[in-house]
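A.B. asks: need a structure here:
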Amino acid sequence: MIEYKETKLINDNELRPLYESVGWVSYTNEISDLNTLLTNCQLVYSAWHKGELVGLIRTVGDDISIQYIQDILVLPEYQKQGIGAKLLKQVIESSKNIRQLVLMTDGNEENNATIEFYKKQGFRPFDEIGICGLWRMMN
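C.D. replies: Okay, here's the model as predicted:
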């Protein structure tokens, strides 16, 4: 049975295997303590199975006009079991008072399944709603 928690108290030894399992090594290579990713987040929900961290979602924002989903990830062997959808639903429920809930993901063809997952959760690509998304890499 999966246990869901709202907490920022997740240590590096629990976070690192989750991030590495999905190939997000830019985090693990550049940050010595991944718990610092959670410190200033607005919301952090996690999924646990038998004491192991199997899923996480975290957001940043101002709690009024915008909330940005920074990360949503699930251990590969736990994917397609509804864990990501449940984590996302928790954020959506907690964010009803916020004007915009935003996320970005890779737009390449290999990521079509992820994009379809977000669409099933009610998210729409910017180009469908007339918004131009821009970003700048800072390093």
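
A.B. asks: from now on I want contacts and neighbour counts done on CA atoms only, so please keep to that.
C.D. replies: Noted.

A.B. asks: which residues sit in contact with Gly55?
C.D. replies: Leu18, Ser46, Ala47, Trp48, Ile72, Leu73, Val74, Leu75, Ile83, Gly84, Leu87 (C-alpha atoms under 8 Å, 6 or more residues apart in numbering).

A.B. asks: quick check: phi and psi at the last one.
C.D. replies: Backbone torsions of Leu87, given as degrees, to the nearest 10, read phi -60, psi -40.

A.B. asks: pretty sure it contacts Ile57?
C.D. replies: Yes: with contact defined as C-alpha atoms under 8 Å, Leu87 reaches Ile57; the gap is 6.3 Å.

A.B. asks: tell me, what's touching those two both at once?
C.D. replies: What both Leu87 and Ile57 touch, as defined by C-alpha under 8 Å, 6+ apart, is the set Tyr45, Ser46.

A.B. asks: mind checking which of the contacts of Gly55 land in helices?
C.D. replies: Using DSSP state H, the subset of the contacts of Gly55 located in helices is Leu18, Ile83, Gly84, Leu87.

A.B. asks: pull the number of nearby residues for the second one.
C.D. replies: If I follow you right, that is Ile83. One way to gauge burial is a neighbour count; for Ile83, by other C-alpha atoms under 10 Å, it gives 22.
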